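Asks: give me a 3D structure for the following:
(one chain, ligands or ions: 1)
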Amino acid sequence: MESAISPFLHPALDRLGISDEMRHLMITPYREIKFGLPLACHQGGLKLYTGYRVQHNHSRGPFKGGLRFHADVNLPHFRDLASVMTWKCALVDLPFGGAKGGINCNPHELTCSELEVLTKRFVDRLDDMLGPDRDIPAPDMGTSPREMAWIMEAHSKDHGYEPGIVTGKPLQLAGSAGRLAATGRGVALVTRWACENLGIDLQDARIAIQGFGNVGSHAAKILHEFGAKIVAISNRHGGFYQGSGLDIPGIIKLRNEADDDPALQQIDFSAEEISNEELLALDVDILIPAAIEATIHQDNVNQVRAQMIVEAANLPVTAEADAALQERNIPVIPDLLANAGGVTVSYLEWVQNRQRYCWKESEVNNKLETTLHNAWKQMSESAQSMGISRREAAYTIGTRRVKEAIELRGF
Ligand code: NAD
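Replies: Model (predicted):
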(Lines give C-alpha, C1' and ligand atoms only; values in the text may rest on other atoms or scores of the structure.)
Protein backbone atom coordinates (compact mmCIF):
# COMPACT_ATOMS: atom_id res chain seq x y z
CA MET A 1 0.00 0.00 0.00
CA GLU A 2 1.28 3.45 -0.95
CA SER A 3 2.22 5.56 2.10
CA ALA A 4 -0.17 8.48 2.49
CA ILE A 5 2.29 10.55 4.49
CA SER A 6 5.42 10.23 2.29
CA PRO A 7 4.56 13.07 -0.12
CA PHE A 8 4.13 15.41 2.88
CA LEU A 9 7.16 14.16 4.79
CA HIS A 10 9.87 13.94 2.13
CA PRO A 11 9.94 17.63 1.14
CA ALA A 12 10.44 18.51 4.83
CA LEU A 13 13.23 15.94 5.18
CA ASP A 14 14.82 17.35 1.99
CA ARG A 15 14.93 20.76 3.69
CA LEU A 16 16.90 19.29 6.62
CA GLY A 17 19.77 18.35 4.29
CA ILE A 18 20.24 15.00 6.05
CA SER A 19 21.99 11.83 4.92
CA ASP A 20 20.01 8.95 3.37
CA GLU A 21 20.69 6.92 6.55
CA MET A 22 19.26 9.63 8.79
CA ARG A 23 16.23 9.95 6.51
CA HIS A 24 15.70 6.20 6.71
CA LEU A 25 16.01 6.29 10.49
CA MET A 26 13.45 9.08 10.81
CA ILE A 27 10.94 7.36 8.54
CA THR A 28 11.27 3.82 9.88
CA PRO A 29 9.19 2.88 12.93
CA TYR A 30 11.13 1.92 16.05
CA ARG A 31 8.91 -1.14 16.47
CA GLU A 32 5.80 -2.67 14.87
CA ILE A 33 3.72 -5.21 16.74
CA LYS A 34 0.95 -7.32 15.20
CA PHE A 35 -0.81 -10.10 17.08
CA GLY A 36 -3.86 -12.34 17.09
CA LEU A 37 -6.68 -11.59 19.54
CA PRO A 38 -9.16 -14.46 20.00
CA LEU A 39 -12.60 -13.69 21.37
CA ALA A 40 -15.16 -16.22 22.56
CA CYS A 41 -18.38 -14.56 21.39
CA HIS A 42 -21.38 -14.36 23.69
CA GLN A 43 -23.62 -15.89 21.04
CA GLY A 44 -21.22 -18.81 20.75
CA GLY A 45 -18.25 -19.42 18.43
CA LEU A 46 -14.81 -17.94 18.27
CA LYS A 47 -13.67 -14.83 16.42
CA LEU A 48 -10.06 -13.97 15.72
CA TYR A 49 -9.14 -10.30 15.52
CA THR A 50 -5.76 -8.67 14.91
CA GLY A 51 -4.20 -6.15 17.28
CA TYR A 52 -1.59 -3.61 16.14
CA ARG A 53 0.73 -1.12 17.76
CA VAL A 54 3.25 0.86 15.76
CA GLN A 55 5.78 2.74 17.88
CA HIS A 56 7.30 5.18 15.46
CA ASN A 57 9.78 7.37 17.33
CA HIS A 58 10.58 8.14 20.96
CA SER A 59 13.53 10.53 20.72
CA ARG A 60 11.60 13.36 22.41
CA GLY A 61 9.68 11.33 24.99
CA PRO A 62 7.53 8.21 25.45
CA PHE A 63 5.56 6.92 22.48
CA LYS A 64 2.12 8.53 22.38
CA GLY A 65 -0.88 7.89 20.20
CA GLY A 66 -4.47 6.76 19.94
CA LEU A 67 -6.13 3.38 19.75
CA ARG A 68 -8.54 2.86 16.87
CA PHE A 69 -11.18 0.14 16.78
CA HIS A 70 -12.32 -0.09 13.16
CA ALA A 71 -12.85 -2.99 10.76
CA ASP A 72 -10.59 -1.56 8.03
CA VAL A 73 -7.34 -0.93 9.91
CA ASN A 74 -4.04 -2.54 8.91
CA LEU A 75 -0.31 -2.17 9.54
CA PRO A 76 0.56 0.35 6.76
CA HIS A 77 -2.37 2.45 7.92
CA PHE A 78 -1.09 2.54 11.53
CA ARG A 79 2.46 3.14 10.26
CA ASP A 80 1.30 6.41 8.67
CA LEU A 81 -0.79 7.45 11.67
CA ALA A 82 2.06 6.72 14.12
CA SER A 83 4.40 8.83 12.02
CA VAL A 84 1.86 11.69 12.02
CA MET A 85 1.87 11.57 15.85
CA THR A 86 5.68 11.95 15.97
CA TRP A 87 5.66 15.15 13.89
CA LYS A 88 2.53 16.48 15.61
CA CYS A 89 3.97 16.14 19.14
CA ALA A 90 7.20 17.77 17.95
CA LEU A 91 5.35 20.65 16.23
CA VAL A 92 3.36 21.41 19.39
CA ASP A 93 6.55 20.87 21.41
CA LEU A 94 5.22 18.16 23.71
CA PRO A 95 7.74 15.77 25.28
CA PHE A 96 6.30 12.74 23.47
CA GLY A 97 7.10 10.59 20.48
CA GLY A 98 4.59 9.00 18.14
CA ALA A 99 2.63 5.75 18.09
CA LYS A 100 -0.75 4.42 16.93
CA GLY A 101 -2.57 1.13 17.13
CA GLY A 102 -5.83 -0.65 17.58
CA ILE A 103 -7.91 -3.65 16.64
CA ASN A 104 -9.54 -4.57 13.32
CA CYS A 105 -13.00 -4.89 14.87
CA ASN A 106 -16.28 -3.07 14.31
CA PRO A 107 -17.10 -1.90 17.84
CA HIS A 108 -20.75 -1.33 16.89
CA GLU A 109 -21.14 -5.10 16.32
CA LEU A 110 -19.68 -6.18 19.69
CA THR A 111 -21.30 -6.18 23.10
CA CYS A 112 -19.86 -4.03 25.85
CA SER A 113 -18.40 -7.03 27.69
CA GLU A 114 -16.90 -8.47 24.46
CA LEU A 115 -15.19 -5.11 23.89
CA GLU A 116 -13.92 -5.14 27.46
CA VAL A 117 -12.37 -8.60 27.02
CA LEU A 118 -10.78 -7.60 23.72
CA THR A 119 -9.38 -4.32 25.08
CA LYS A 120 -7.88 -5.95 28.17
CA ARG A 121 -6.41 -8.78 26.06
CA PHE A 122 -4.83 -6.13 23.81
CA VAL A 123 -3.07 -4.65 26.86
CA ASP A 124 -1.96 -8.13 28.06
CA ARG A 125 -0.36 -8.89 24.71
CA LEU A 126 1.61 -5.63 24.67
CA ASP A 127 2.68 -6.17 28.28
CA ASP A 128 5.74 -4.08 29.20
CA MET A 129 5.83 -2.29 25.86
CA LEU A 130 3.16 0.03 27.32
CA GLY A 131 3.79 2.23 30.38
CA PRO A 132 3.71 5.87 31.50
CA ASP A 133 7.37 6.28 30.48
CA ARG A 134 7.19 3.94 27.48
CA ASP A 135 4.02 4.13 25.45
CA ILE A 136 0.80 5.90 26.46
CA PRO A 137 -2.39 5.13 24.47
CA ALA A 138 -5.39 7.47 24.15
CA PRO A 139 -8.80 7.44 22.44
CA ASP A 140 -9.15 7.57 18.68
CA MET A 141 -11.89 6.52 16.29
CA GLY A 142 -14.11 3.83 17.84
CA THR A 143 -12.69 4.20 21.36
CA SER A 144 -13.63 6.47 24.26
CA PRO A 145 -12.96 7.06 27.98
CA ARG A 146 -14.63 3.70 28.67
CA GLU A 147 -11.88 1.75 26.83
CA MET A 148 -9.19 3.90 28.48
CA ALA A 149 -10.53 2.88 31.92
CA TRP A 150 -10.27 -0.80 30.90
CA ILE A 151 -6.68 -0.22 29.76
CA MET A 152 -5.78 1.36 33.10
CA GLU A 153 -7.36 -1.58 34.93
CA ALA A 154 -5.58 -4.23 32.79
CA HIS A 155 -2.23 -2.50 33.23
CA SER A 156 -2.70 -2.14 37.00
CA LYS A 157 -2.85 -5.96 37.44
CA ASP A 158 0.95 -6.19 37.16
CA HIS A 159 2.01 -2.60 37.79
CA GLY A 160 -0.23 -1.21 40.52
CA TYR A 161 -1.89 2.20 40.33
CA GLU A 162 -0.34 4.00 37.37
CA PRO A 163 -2.98 6.32 35.87
CA GLY A 164 -0.36 7.89 33.55
CA ILE A 165 -0.35 4.65 31.50
CA VAL A 166 -3.24 5.99 29.41
CA THR A 167 -4.91 9.35 28.74
CA GLY A 168 -8.47 10.29 27.87
CA LYS A 169 -9.72 8.44 30.96
CA PRO A 170 -13.08 9.17 32.61
CA LEU A 171 -13.00 12.10 35.04
CA GLN A 172 -13.79 9.77 37.96
CA LEU A 173 -10.62 7.79 37.15
CA ALA A 174 -7.89 10.43 37.06
CA GLY A 175 -8.97 11.79 33.69
CA SER A 176 -8.39 15.47 32.99
CA ALA A 177 -11.06 18.13 32.92
CA GLY A 178 -11.34 19.34 29.35
CA ARG A 179 -9.90 16.20 27.69
CA LEU A 180 -13.15 14.95 26.14
CA ALA A 181 -13.68 18.19 24.23
CA ALA A 182 -9.98 19.01 23.75
CA THR A 183 -9.50 17.91 20.13
CA GLY A 184 -12.70 19.67 19.04
CA ARG A 185 -11.75 22.76 21.09
CA GLY A 186 -8.36 22.83 19.37
CA VAL A 187 -10.06 22.55 15.96
CA ALA A 188 -12.34 25.47 16.85
CA LEU A 189 -9.48 27.66 18.14
CA VAL A 190 -7.31 27.01 15.11
CA THR A 191 -10.29 27.74 12.83
CA ARG A 192 -10.76 31.08 14.63
CA TRP A 193 -7.07 32.05 14.22
CA ALA A 194 -7.13 30.97 10.57
CA CYS A 195 -10.24 33.10 9.96
CA GLU A 196 -8.54 36.13 11.54
CA ASN A 197 -5.50 35.50 9.37
CA LEU A 198 -7.43 35.05 6.14
CA GLY A 199 -9.99 37.80 6.69
CA ILE A 200 -12.98 35.47 7.07
CA ASP A 201 -15.59 36.70 9.57
CA LEU A 202 -16.27 33.67 11.80
CA GLN A 203 -19.54 35.24 13.00
CA ASP A 204 -20.89 35.04 9.46
CA ALA A 205 -19.06 31.88 8.42
CA ARG A 206 -20.98 28.86 7.13
CA ILE A 207 -19.35 25.61 8.13
CA ALA A 208 -19.82 21.97 7.04
CA ILE A 209 -18.44 19.20 9.25
CA GLN A 210 -17.98 15.60 8.11
CA GLY A 211 -17.92 13.18 11.08
CA PHE A 212 -19.98 13.83 14.21
CA GLY A 213 -18.13 11.74 16.78
CA ASN A 214 -15.94 13.04 19.55
CA VAL A 215 -13.95 15.49 17.44
CA GLY A 216 -16.65 16.65 14.99
CA SER A 217 -19.37 17.20 17.58
CA HIS A 218 -17.16 19.11 20.03
CA ALA A 219 -15.74 21.25 17.21
CA ALA A 220 -19.32 21.96 16.07
CA LYS A 221 -20.43 22.85 19.59
CA ILE A 222 -17.57 25.27 20.26
CA LEU A 223 -17.68 26.88 16.80
CA HIS A 224 -21.44 27.34 17.33
CA GLU A 225 -20.60 29.06 20.66
CA PHE A 226 -18.11 31.28 18.77
CA GLY A 227 -21.08 32.44 16.66
CA ALA A 228 -20.44 30.45 13.47
CA LYS A 229 -23.27 28.80 11.55
CA ILE A 230 -22.88 25.03 11.26
CA VAL A 231 -24.96 24.36 8.14
CA ALA A 232 -24.15 20.67 7.60
CA ILE A 233 -23.02 17.66 9.60
CA SER A 234 -22.70 13.97 8.79
CA ASN A 235 -21.61 10.64 10.16
CA ARG A 236 -21.04 7.18 8.68
CA HIS A 237 -24.79 6.86 7.95
CA GLY A 238 -25.16 10.16 6.01
CA GLY A 239 -25.79 13.80 6.80
CA PHE A 240 -28.05 16.82 7.12
CA TYR A 241 -28.02 20.33 5.69
CA GLN A 242 -29.83 23.47 6.81
CA GLY A 243 -28.81 26.76 5.20
CA SER A 244 -29.94 28.88 8.15
CA GLY A 245 -27.71 26.86 10.52
CA LEU A 246 -28.35 23.71 12.54
CA ASP A 247 -29.32 23.66 16.21
CA ILE A 248 -26.07 22.02 17.30
CA PRO A 249 -26.70 21.85 21.10
CA GLY A 250 -30.15 20.33 20.40
CA ILE A 251 -28.72 17.75 17.98
CA ILE A 252 -25.95 16.77 20.41
CA LYS A 253 -28.53 16.31 23.17
CA LEU A 254 -30.71 14.08 20.98
CA ARG A 255 -27.69 12.12 19.73
CA ASN A 256 -26.50 11.46 23.29
CA GLU A 257 -29.96 10.23 24.23
CA ALA A 258 -30.06 7.85 21.22
CA ASP A 259 -26.93 5.69 21.17
CA ASP A 260 -23.21 6.16 20.58
CA ASP A 261 -23.33 6.84 16.82
CA PRO A 262 -26.93 6.76 15.57
CA ALA A 263 -28.05 7.43 12.03
CA LEU A 264 -28.65 11.19 12.12
CA GLN A 265 -31.92 10.44 10.29
CA GLN A 266 -33.14 8.89 13.54
CA ILE A 267 -32.75 12.24 15.25
CA ASP A 268 -35.96 14.17 15.12
CA PHE A 269 -35.17 17.50 13.51
CA SER A 270 -36.09 19.13 10.25
CA ALA A 271 -33.25 19.52 7.78
CA GLU A 272 -32.45 18.27 4.30
CA GLU A 273 -30.81 14.85 4.11
CA ILE A 274 -27.53 14.81 2.19
CA SER A 275 -24.81 12.24 1.51
CA ASN A 276 -21.23 12.55 2.69
CA GLU A 277 -20.11 13.28 -0.89
CA GLU A 278 -22.68 16.09 -1.15
CA LEU A 279 -21.47 17.58 2.14
CA LEU A 280 -17.90 17.81 0.82
CA ALA A 281 -19.13 19.72 -2.24
CA LEU A 282 -21.30 22.28 -0.38
CA ASP A 283 -20.88 25.99 -1.06
CA VAL A 284 -19.60 26.90 2.41
CA ASP A 285 -16.86 29.08 3.87
CA ILE A 286 -15.19 26.36 5.90
CA LEU A 287 -15.11 22.58 5.40
CA ILE A 288 -13.99 20.46 8.34
CA PRO A 289 -13.34 16.78 7.61
CA ALA A 290 -13.51 15.13 11.07
CA ALA A 291 -14.00 11.45 10.21
CA ILE A 292 -11.49 9.29 8.37
CA GLU A 293 -8.43 9.48 6.11
CA ALA A 294 -8.48 10.39 2.41
CA THR A 295 -12.00 11.76 2.24
CA ILE A 296 -10.87 14.54 -0.09
CA HIS A 297 -8.99 12.93 -2.97
CA GLN A 298 -8.13 13.53 -6.62
CA ASP A 299 -11.55 12.39 -7.86
CA ASN A 300 -13.66 14.74 -5.70
CA VAL A 301 -11.30 17.64 -4.95
CA ASN A 302 -12.54 19.71 -7.88
CA GLN A 303 -16.03 19.64 -6.41
CA VAL A 304 -14.84 21.31 -3.18
CA ARG A 305 -16.26 24.85 -3.03
CA ALA A 306 -15.18 25.84 0.50
CA GLN A 307 -12.90 28.84 1.00
CA MET A 308 -10.80 26.99 3.57
CA ILE A 309 -10.35 23.43 4.86
CA VAL A 310 -9.49 22.62 8.49
CA GLU A 311 -8.22 19.06 8.93
CA ALA A 312 -9.81 17.77 12.13
CA ALA A 313 -9.26 14.13 11.09
CA ASN A 314 -5.80 12.74 10.45
CA LEU A 315 -4.71 12.74 6.79
CA PRO A 316 -8.20 13.57 5.42
CA VAL A 317 -6.76 15.28 2.30
CA THR A 318 -4.59 13.16 0.02
CA ALA A 319 -1.35 14.55 -1.42
CA GLU A 320 -2.89 14.83 -4.92
CA ALA A 321 -5.89 16.71 -3.54
CA ASP A 322 -3.62 18.94 -1.45
CA ALA A 323 -1.69 19.95 -4.57
CA ALA A 324 -4.95 20.69 -6.41
CA LEU A 325 -6.21 22.83 -3.51
CA GLN A 326 -2.91 24.76 -3.41
CA GLU A 327 -3.28 25.46 -7.12
CA ARG A 328 -6.76 26.86 -6.50
CA ASN A 329 -5.45 28.91 -3.52
CA ILE A 330 -7.73 27.13 -1.05
CA PRO A 331 -5.86 27.15 2.26
CA VAL A 332 -5.65 23.91 4.24
CA ILE A 333 -5.00 24.09 7.98
CA PRO A 334 -3.07 20.86 8.49
CA ASP A 335 -3.98 18.02 10.83
CA LEU A 336 -0.58 18.25 12.60
CA LEU A 337 -1.84 21.43 14.23
CA ALA A 338 -5.62 21.46 13.70
CA ASN A 339 -6.28 18.30 15.75
CA ALA A 340 -3.35 18.61 18.17
CA GLY A 341 -5.66 19.79 20.99
CA GLY A 342 -6.31 16.18 22.00
CA VAL A 343 -2.71 15.17 22.49
CA THR A 344 -1.98 18.50 24.17
CA VAL A 345 -4.58 17.86 26.89
CA SER A 346 -3.46 14.22 27.00
CA TYR A 347 -0.05 15.61 27.94
CA LEU A 348 -1.69 17.79 30.62
CA GLU A 349 -3.56 14.73 31.92
CA TRP A 350 -0.30 12.75 32.07
CA VAL A 351 1.40 15.60 33.97
CA GLN A 352 -1.48 15.76 36.48
CA ASN A 353 -1.37 11.96 36.91
CA ARG A 354 2.38 11.98 37.54
CA GLN A 355 2.00 14.74 40.13
CA ARG A 356 -1.18 13.25 41.65
CA TYR A 357 -2.74 16.64 41.03
CA CYS A 358 -5.97 17.87 39.50
CA TRP A 359 -6.43 21.12 37.58
CA LYS A 360 -9.67 23.01 36.97
CA GLU A 361 -11.12 22.94 33.45
CA SER A 362 -10.43 26.67 32.96
CA GLU A 363 -6.74 26.10 33.79
CA VAL A 364 -6.52 23.16 31.36
CA ASN A 365 -8.27 25.14 28.61
CA ASN A 366 -5.96 28.12 29.12
CA LYS A 367 -2.86 25.93 28.91
CA LEU A 368 -4.28 24.25 25.79
CA GLU A 369 -4.92 27.59 24.09
CA THR A 370 -1.44 28.94 24.94
CA THR A 371 0.31 25.80 23.70
CA LEU A 372 -1.64 25.62 20.45
CA HIS A 373 -1.29 29.34 19.81
CA ASN A 374 2.50 29.17 20.15
CA ALA A 375 2.56 26.34 17.60
CA TRP A 376 0.13 28.26 15.34
CA LYS A 377 2.43 31.32 15.41
CA GLN A 378 5.57 29.29 14.71
CA MET A 379 3.89 27.46 11.83
CA SER A 380 2.42 30.65 10.32
CA GLU A 381 5.69 32.60 10.60
CA SER A 382 7.69 29.77 9.04
CA ALA A 383 5.19 29.40 6.20
CA GLN A 384 5.39 33.11 5.48
CA SER A 385 9.15 33.53 5.80
CA MET A 386 9.94 30.42 3.74
CA GLY A 387 7.16 30.97 1.19
CA ILE A 388 5.73 27.49 1.75
CA SER A 389 2.31 26.12 2.70
CA ARG A 390 1.22 25.78 6.31
CA ARG A 391 1.44 22.01 5.97
CA GLU A 392 5.01 22.17 4.67
CA ALA A 393 5.92 24.52 7.51
CA ALA A 394 4.35 22.19 10.11
CA TYR A 395 6.31 19.20 8.81
CA THR A 396 9.50 21.25 8.58
CA ILE A 397 9.29 22.33 12.24
CA GLY A 398 8.31 18.84 13.46
CA THR A 399 11.00 16.97 11.56
CA ARG A 400 13.72 19.47 12.55
CA ARG A 401 12.92 19.04 16.26
CA VAL A 402 12.97 15.24 16.00
CA LYS A 403 16.25 15.28 14.07
CA GLU A 404 17.82 17.49 16.76
CA ALA A 405 16.66 15.12 19.51
CA ILE A 406 18.04 12.06 17.69
CA GLU A 407 21.42 13.76 17.18
CA LEU A 408 21.64 15.01 20.78
CA ARG A 409 20.90 11.55 22.19
CA GLY A 410 23.36 9.84 19.85
CA PHE A 411 22.97 6.46 18.22
P1 NAD B 1 -15.29 8.86 16.69
O2 NAD B 1 -15.28 7.40 16.54
O3 NAD B 1 -15.73 9.48 17.97
O4 NAD B 1 -16.20 9.52 15.53
C5 NAD B 1 -15.97 9.26 14.19
C6 NAD B 1 -17.13 9.88 13.40
O7 NAD B 1 -16.86 9.72 12.00
C8 NAD B 1 -18.47 9.18 13.67
O9 NAD B 1 -19.50 10.15 13.64
C10 NAD B 1 -18.60 8.24 12.48
O11 NAD B 1 -19.95 7.89 12.18
C12 NAD B 1 -17.99 9.09 11.38
N13 NAD B 1 -17.53 8.31 10.23
C14 NAD B 1 -16.88 7.14 10.23
N15 NAD B 1 -16.66 6.73 8.96
C16 NAD B 1 -17.19 7.70 8.17
C17 NAD B 1 -17.29 7.87 6.77
N18 NAD B 1 -16.81 6.96 5.93
N19 NAD B 1 -17.90 8.99 6.31
C20 NAD B 1 -18.39 9.92 7.15
N21 NAD B 1 -18.33 9.81 8.50
C22 NAD B 1 -17.74 8.71 8.97
O23 NAD B 1 -13.82 9.32 16.28
P24 NAD B 1 -13.08 10.68 16.67
O25 NAD B 1 -12.33 10.44 17.92
O26 NAD B 1 -14.04 11.80 16.57
O27 NAD B 1 -11.99 10.78 15.51
C28 NAD B 1 -12.29 11.37 14.26
C29 NAD B 1 -10.99 11.70 13.56
O30 NAD B 1 -10.23 12.61 14.37
C31 NAD B 1 -10.07 10.52 13.28
O32 NAD B 1 -9.40 10.76 12.06
C33 NAD B 1 -9.07 10.59 14.41
O34 NAD B 1 -7.83 9.99 14.08
C35 NAD B 1 -8.92 12.08 14.57
N36 NAD B 1 -8.42 12.50 15.89
C37 NAD B 1 -9.10 12.16 17.03
C38 NAD B 1 -8.61 12.59 18.27
C39 NAD B 1 -9.34 12.33 19.56
O40 NAD B 1 -8.94 12.89 20.59
N41 NAD B 1 -10.39 11.53 19.59
C42 NAD B 1 -7.44 13.35 18.32
C43 NAD B 1 -6.79 13.69 17.14
C44 NAD B 1 -7.30 13.27 15.93
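
Asks: got a list of what the closest residue to the ligand within the chain touches?
Replies: Checking the chain residue by residue against the ligand with C-beta to the nearest ligand atom singles out Gly213 as nearest, at 1.7 Å. Using the backbone N, CA and C atoms, a C-beta is placed for each residue, glycine as well. Contacts for Gly213 (C-beta atoms under 8 Å, 6 or more residues apart in numbering) come out as 141, 235, 261, 290-291.

Asks: just the residues you listed: which are in strands?
Replies: If you go by DSSP state E, the contacts of Gly213 have Asn235 in strands.

Asks: in space, what's closest to His218 - neighbours in sequence excluded?
Replies: Gly184 (2.4 Å; C-beta to C-beta, 6 or more residues apart in numbering).

Asks: quick one: what helix or strand has the one you found in it?
Replies: Using DSSP states H and E, Gly184 falls within helix 179-198.

Asks: so which elements touch that helix?
Replies: Helices and strands touching helix 179-198, by 3 or more C-beta pairs under 8 Å, 6 or more residues apart in numbering; DSSP states H and E, are helix 214-225, strand 286-289, strand 308-310, strand 332-333, helix 335-338, helix 341-355, helix 361-386.

Asks: and with 6 Å instead?
Replies: Using 3 or more C-beta pairs under 6 Å, 6 or more residues apart in numbering; DSSP states H and E, the elements in contact with helix 179-198 are helix 214-225, helix 341-355, helix 361-386.

Asks: dump these to JSON lines, plus distance to Leu48, mean pLDDT and mean neighbour count.
Replies: As requested, the helices and strands packed on helix 179-198 are exported to JSON lines (distance: least, C-beta to C-beta, whole Å; pLDDT from 0 to 100; neighbours: other C-beta atoms under 10 Å):
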{"stretch": "helix 214-225", "distance to Leu48": "28", "mean pLDDT": "97", "mean neighbour count": "23"}
{"stretch": "helix 341-355", "distance to Leu48": "31", "mean pLDDT": "98", "mean neighbour count": "24"}
{"stretch": "helix 361-386", "distance to Leu48": "40", "mean pLDDT": "98", "mean neighbour count": "16"}
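
Asks: just checking, Pro145 touches Leu171?
Replies: No: applying C-beta atoms under 6 Å as the test, Pro145 and Leu171 come out as separate, 8.1 Å apart.

Asks: quick check: the farthest pair among the contacts of Gly213?
Replies: Asp261 and Ala290 (13.1 Å; C-beta to C-beta).

Asks: which one's more surrounded, those two?
Replies: Each of Asp261 and Ala290 has its neighbours counted (other C-beta atoms under 10 Å); Ala290 has more, 30 against 15.

Asks: surely the more buried one and Ala312 touch.
Replies: Yes: contact criterion C-beta under 6 Å: Ala290 and Ala312 qualify, at 3.7 Å.

Asks: low-confidence ranges in the stretch 151-300 of the chain?
Replies: Along the stretch 151-300 of the chain, segments meeting pLDDT under 70 span 259-269.

Asks: now do the helices in it.
Replies: All helices of the stretch 151-300 of the chain, identified by DSSP state H, counting those that start in this stretch, fall at 179-198, 214-225, 248-258, 276-280.

Asks: go through the ones you listed and name the closest to Gln55.
Replies: helix 179-198 (21.6 Å).

Asks: so that closest one versus helix 361-386, what angle?
Replies: Orientation of helix 179-198 against helix 361-386 (axes from the mean of the first three to the mean of the last three C-alpha atoms, to 10 degrees) gives an angle of 40 degrees.

Asks: got the angle for helix 179-198 vs helix 214-225?
Replies: Put simply, helix 179-198 runs at 50 degrees to helix 214-225, going by the same axes, to 10 degrees.

Asks: dump the helices of the stretch 151-300 of the chain into CSV; add distance to Phe96 as well.
Replies: Formatted as CSV, these follow (distance: least, C-beta to C-beta, whole Å):
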stretch, distance to Phe96
helix 179-198, 15
helix 214-225, 19
helix 248-258, 30
helix 276-280, 32
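
Asks: quick one: which of Pro145 and Leu171 has more around it?
Replies: Of the pair Pro145 and Leu171, Pro145 is the one with more neighbours under other C-beta under 10 Å, namely 20 against 14.

Asks: re earlier: name the residues contacting each of Ala290 and Ala312.
Replies: Common neighbours of Ala290 and Ala312, counting by C-beta atoms under 6 Å, 6 or more residues apart in numbering, are Val215.

Asks: the helices in the stretch 1-150 of the chain, which residues?
Replies: So, for the stretch 1-150 of the chain - with DSSP H, counting those that start in this stretch - the helices run 6-16, 20-27, 75-91, 112-126, 145-159.
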